[in-house]
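Visitor: need a 3D model of the sequence below.
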Amino acid sequence: MLKILRAARIFNMIHYQAYEFIPVRSRSMKQLLRITATNLLTLAISICSSLTFADSPDAYLSNQPHHKLFSGDVPPGVLGTARAMGRGPVAGYFQPIAFSGPQGTKFSLPQGGVFQTPSPNFMAGILIGSVYRFQITGIPGFEGAELFPTVELLDRTYPPPGLATRFPIPINLDQEDLETALDGQMVTRVIYLEDPETAVPLAEKPTTSRAIDVSYYQDPIEVADRFGRPVAIVRIGSVLPPTTEELTPQFYFGYPAWAPIYQPEPEYAPHQVQQP
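Guide: Residues are numbered from 1 along each chain as shown. Just a heads-up that it's a prediction; the model follows:
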């Protein structure tokens, strides 16, 4: 079963229109996938003075339920690396992301081989092309349990100048995601930036998301690509860090660099007094 989720609103400078992030999820006996997709445009070509329309690109491509170039089950890092080698101001850009989940859940990323202080609304800037292993603790109903999923950026966003940290890519996980992973299954969630021409006119908060389920045999990347522009893929499993020190760097994908984003403290008016 696949599920698409909607999340925080962001402004894209290219189209000057409001967008929202959406994830898609699929479930089988041993894995759960979540993805987001974009719409494809059919191009019309005029040759000479006669009006001649080109056939839809789909007429020349396979109609199988898979992405034309990539698949959602490729190893972590393949999709992001391909995008990092493409055009545009992508390489070296720290894209802001924001983690959120059920009440009490906390998130953290490793720095210098040590996980930083976990936070329920953890924000960071990460690179496209790298794979980041993060930690989830405080899962409701599972005291002491930990999960170590991965997040991989497939593209970046283009918010107005100075507003990048105000409109991060939301990595919102729900209780179903966490319980499925703790049960030994695999959850794959793909977040996409929705197409404003086909977006559902429903507002969402950065810490909430609305899911759409699809069949287990569908490729999450392909489904996300039909609805919008895929920007991130999250893989949640029950694997734990290795006990052998030599395998630790491989488990954490070489500890790629990331930039912490600190949320400002709330401001108080002169007449307001903080309670002790």
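Visitor: where are the low-confidence patches of the stretch 51-200 of the chain?
Guide: 51-73 (pLDDT under 70).
Visitor: where do the strands sit along it?
Guide: Assigned by DSSP state E, counting those that start in this stretch, the strands in the stretch 51-200 of the chain fall at 94-100, 106-108, 110-111, 114-115, 123-127, 131-133, 135-137, 150-153, 169-172, 186-194.
Visitor: show residues contacting the third one.
Guide: Which is strand 110-111. The set of residues external to strand 110-111 that reach it, using Cβ atoms under 8 Å, 6 or more residues apart in numbering, is 116, 133, 134, 135, 252, 255, 258, 260. No exception for glycine: its C-beta is placed from N, CA and C like everyone else's.
Visitor: now list the buried members of the residues you listed.
Guide: Neighbour counting with 16 or more other Cβ atoms under 10 Å marks 116, 133, 134, 135, 252, 255, 258 as buried within the contacts of strand 110-111.
Visitor: got the contact list for the last one?
Guide: What it means is residue 258. Applying Cβ under 8 Å, 6+ apart, the residues near residue 258 are 94, 109, 111, 124, 125, 126, 127, 132.
Visitor: again, 7 Å this time
Guide: Neighbour list for residue 258: 109, 124, 125, 126, 132 [criterion: Cβ atoms under 7 Å, 6 or more residues apart in numbering].
Visitor: again with the third one
Guide: With contact taken as Cβ under 7 Å, 6+ apart, residue 134 is in contact with 107, 108, 109, 149, 151.
Visitor: looking at those, which is nearest residue 177?
Guide: residue 149 (8.9 Å; Cβ to Cβ).
Visitor: out of everything not next to it in sequence, what's closest to that closest one?
Guide: residue 236 (4.0 Å; Cβ to Cβ, 6 or more residues apart in numbering).
Visitor: does that neighbour touch residue 184 like I think?
Guide: No - the pair residue 236 / residue 184 is not scored as a contact, 11.6 Å apart, by Cβ atoms under 7 Å.
Visitor: between these two, who's got more neighbours?
Guide: The neighbour count for residue 236 versus residue 184, taken as other Cβ atoms under 10 Å, is higher for residue 236 (24 against 9).
Visitor: gap between that one and residue 156?
Guide: For residue 236, the distance to residue 156 (Cβ to Cβ, to the nearest Å) stands at 23 Å.
Visitor: give me the number of residues near the closest residue to residue 77 other than its chain neighbours?
Guide: Closest residue to residue 77 apart from its sequence neighbours, by Cβ to Cβ, 6+ apart: residue 131 at 4.7 Å. When neighbours are counted by other Cβ under 10 Å, residue 131 registers 22.
Visitor: for stretch 167-176, measure first residue to last.
Guide: 25 Å (Cα to Cα, to the nearest Å).
Visitor: what's the closest of the contacts of residue 258 to residue 162?
Guide: Among the contacts of residue 258, and counting by Cβ to Cβ, the member closest to residue 162 is residue 125, at 14.5 Å.
Visitor: who does that closest one form a beta bridge with?
Guide: residue 96, residue 259 (DSSP bridges).
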